[in-house]
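Undergrad: show me the folded form of this:
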Amino acid sequence: MSVVAARKCVRHVAREAVARCPSCHDDFCRECVIEHAGLLYCATCLARATGAKAVPSRSRRRRASNLLLTAVSVLLLWVVFYAFGQLLKAIPAKVHEGTVWRTAVDS
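TA: Down below sits the predicted model:
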């Protein structure tokens, strides 16, 4: 067994390591590394090197927009169902009872 195949990912011990982070020198699998400036870094070292304060603000904006979209969707669905209920209320009782189809001849 070669030395490369014997390396395992620090976060996923069942996976084979494909890269070593140049900053912390740990081994990582394909899902745990990110390419930046031609090198493969782990997410922790890349966040530390780039100052990852911009990422949470984006995620906060994304959460806020998702919350707003959900609220608008619920409101829209409420309006549609309310209108449908009003339409059903407007249908005459004869339709519900099945007597609307009776004519003067049937009586």
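Undergrad: can you give me the helices for this protein?
TA: With DSSP state H, the ranges of helices along the chain come out as 3-6, 43-50, 54-90, 93-97.
Undergrad: is residue 44 in contact with residue 24, as I believe?
TA: Yes: under the criterion of Cβ atoms under 8 Å, residue 44 lies in contact with residue 24, with a separation of 7.3 Å. Bear in mind the C-beta positions are built from the backbone N, C-alpha and C, glycine included.
Undergrad: thinking again about what came up before, got TSV for the helices of the chain, with distance to residue 19 too?
TA: Compiled in TSV, the helices of the chain are given as follows (distance: least, Cβ to Cβ, whole Å):
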stretch	distance to residue 19
helix 3-6	11
helix 43-50	12
helix 54-90	22
helix 93-97	70
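Undergrad: can you tell which of the ones you listed is closest to residue 33?
TA: helix 43-50 (8.1 Å; Cβ to Cβ).
Undergrad: give me the most central residue, this protein.
TA: Centroid-nearest residue in the chain: residue 66, 9.3 Å away (criterion: Cα atoms, centre = their mean).
Undergrad: okay, domains of this structure per the record?
TA: Under the assignment automatic domain parsing, the domains of the chain span 3-50, 54-97.
Undergrad: out of these, deepest packed?
TA: Per residue and on average, the most neighbours among the domains of the chain fall to domain 3-50, with a mean of 15 (mean count of other Cβ atoms under 10 Å).
Undergrad: ok so, going back, got the domains of the chain as CSV, with mean pLDDT columns?
TA: Below are the domains of the chain laid out as CSV (pLDDT from 0 to 100):
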stretch, mean pLDDT
domain 3-50, 85
domain 54-97, 88
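Undergrad: roughly how far out does stretch 31-41 sit from the chain middle?
TA: 24 Å (Cα atoms, centre = their mean, to the nearest Å).
Undergrad: how far away is the closest residue to residue 36 other than its chain neighbours from residue 62?
TA: Nearest residue to residue 36, sequence neighbours excluded (Cβ to Cβ, 6 or more residues apart in numbering): residue 46, at 5.5 Å. Between residue 46 and residue 62 the computed distance is 20 Å (Cβ to Cβ, to the nearest Å).
Undergrad: residue 8 too?
TA: For residue 8 relative to residue 62 (Cβ to Cβ), the value is 34 Å.
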